[in-house]
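In: Sharing a model that was predicted from the sequence below.
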Amino acid sequence: MNLRVIQLKKYYLGFSAIMVVISIIFFLTIKLNLGVDFKGGDLLQLHYSQAINKDTLNGTLDGIISEVPQLKNRRLQYSEDNTIVLRTEQLTDAQKNVVLKQLTEKTGKYELVKYDTVGPTIGKELTSNALTALLIGSLLIIIYITIRFEFVYAVAGVAAVLHDVIIAMGLIAFLKYEINTPFIAAILTILGYSMNDTIVVFDRIRENDAKEGKTKDFAEIIEESANQVYMRSLFTSLTTLLSITVLLLFGGDSLRTFNTALFIGMIFGTYSSIFVASPLVYLMRKYRKKRKDTDNKDKSRKHRQKTINGYDEDEKVLV
């Protein structure tokens, strides 16, 4: 199979641009399902000694919505060991006691494993820290790739990584999965994984360019490099995706956002390392060469204009 990375670049980049725009629209227009970590609220983790009847549990909580209106927007997560996690907007002490009392009376004996309260201020701080981590990560990537390769590779690499992160965030917003701390961990994991995959491609391009740059066009070198490494990237990604698929099937609701974001990020990360980053390097190199040639022509023309009857006005010598 011969990948025509440069020949078909407008289709690959066009598809990526469409996906990024759609993802941004999803993220900005769909109301985000922010978890307790970000918008503030309460988390109750209960462990039952017997099997949980979900209908009874939900019916009990629905029955006290008039006293505890925060339960209307509750989120429940179940696990195999008869443990539930209830997330709500922040409760008063009286409301918390009502909830626990009704659950005791109507759903059976349980142990209160954990009760956490996260204030809105902490939620804002987490959001700020997450954005800071993403910005610092991108900056470090630019510095590292610029030192190891050159600046055009750094710009292309960061563009490819942001492409993966934006699409993952947009699709999670579309699916209305909870945006929580594990989601931020997934985004940072995608950033690292995608950049690692991209660097493998860049390394092969640089290696081939050093060996064949004088005899081959840069477009040929990129396509040759992509064809040499794509099977390695594909098999590595498939191995990772198999593990994530198992977690998606058996990991439970608490890991759903994390695993789904990783699954999306791995797919688009593999795609972008070859079909986004490589064409961007080619286009930026082409633009830089064209601009350099134009500058040289302008300098040459200006030099000729300043030379009158064999006399260079700048150098004040005969030429």
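Out: Sure, I can see it. Keep in mind the model is a prediction, meaning the values are calculated, not measured.

In: would you list every one of the helices in the stretch 1-150 of the chain?
Out: Using DSSP state H, counting those that start in this stretch, the helices of the stretch 1-150 of the chain run over 9-29, 36-39, 54-63, 93-107, 120-148.

In: any residues touching the fourth one, and which ones?
Out: Applying CB atoms under 8 Å, 6 or more residues apart in numbering, the set of residues contacting helix 93-107 from outside is 42, 44, 46, 48, 52-53, 56-57, 59-61, 63-64, 67-68, 70-71, 86, 91, 110, 112, 115. Where C-beta positions appear, they are placed from N, C-alpha and C, glycine not excepted.

In: do that again at 10 Å, thanks
Out: Residues outside helix 93-107 that contact it (CB atoms under 10 Å, 6 or more residues apart in numbering): 42, 44, 46, 48, 50, 52-54, 56-61, 63-64, 67-71, 74, 84, 86, 88, 90-92, 109-110, 112, 115, 117.

In: Disregarding flanking residues, what is the spatial nearest neighbour of Thr181?
Out: Leaving aside its sequence neighbours, Thr181 sits nearest to Asp37 (CB to CB, 6 or more residues apart in numbering; 4.8 Å).

In: Same check on Ala185?
Out: Ala185's closest residue in space is Phe258 (CB to CB, 6+ apart), at 6.6 Å.

In: Which helix or strand contains the one you found?
Out: helix 256-275 (DSSP states H and E).

In: Contact partners for the residue nearest the centre of the chain?
Out: Centroid-nearest residue in the chain, with CA atoms, centre = their mean: Val165, separated by 2.0 Å. Neighbouring residues of Val165 by CB under 10 Å, 6+ apart: 23, 134, 137-138, 186-188, 190-191, 194, 261, 265, 268-269.

In: change it to 8 Å
Out: Leu134, Ile187, Ile190, Leu191, Gly265.

In: got it, and Leu61?
Out: Going by CB under 8 Å, 6+ apart, the list of residues near Leu61 reads Leu71, Arg74, Leu86, Val99, Gln102.

In: so which of those comes closest to Phe15?
Out: Phe15 has its nearest neighbour among the contacts of Leu61 in Arg74, at 39.0 Å by CB to CB.

In: For the stretch 201-319 of the chain, which segments count as helices?
Out: Counting by DSSP H, counting those that start in this stretch, the helices of the stretch 201-319 of the chain are 218-250, 256-275, 277-306.
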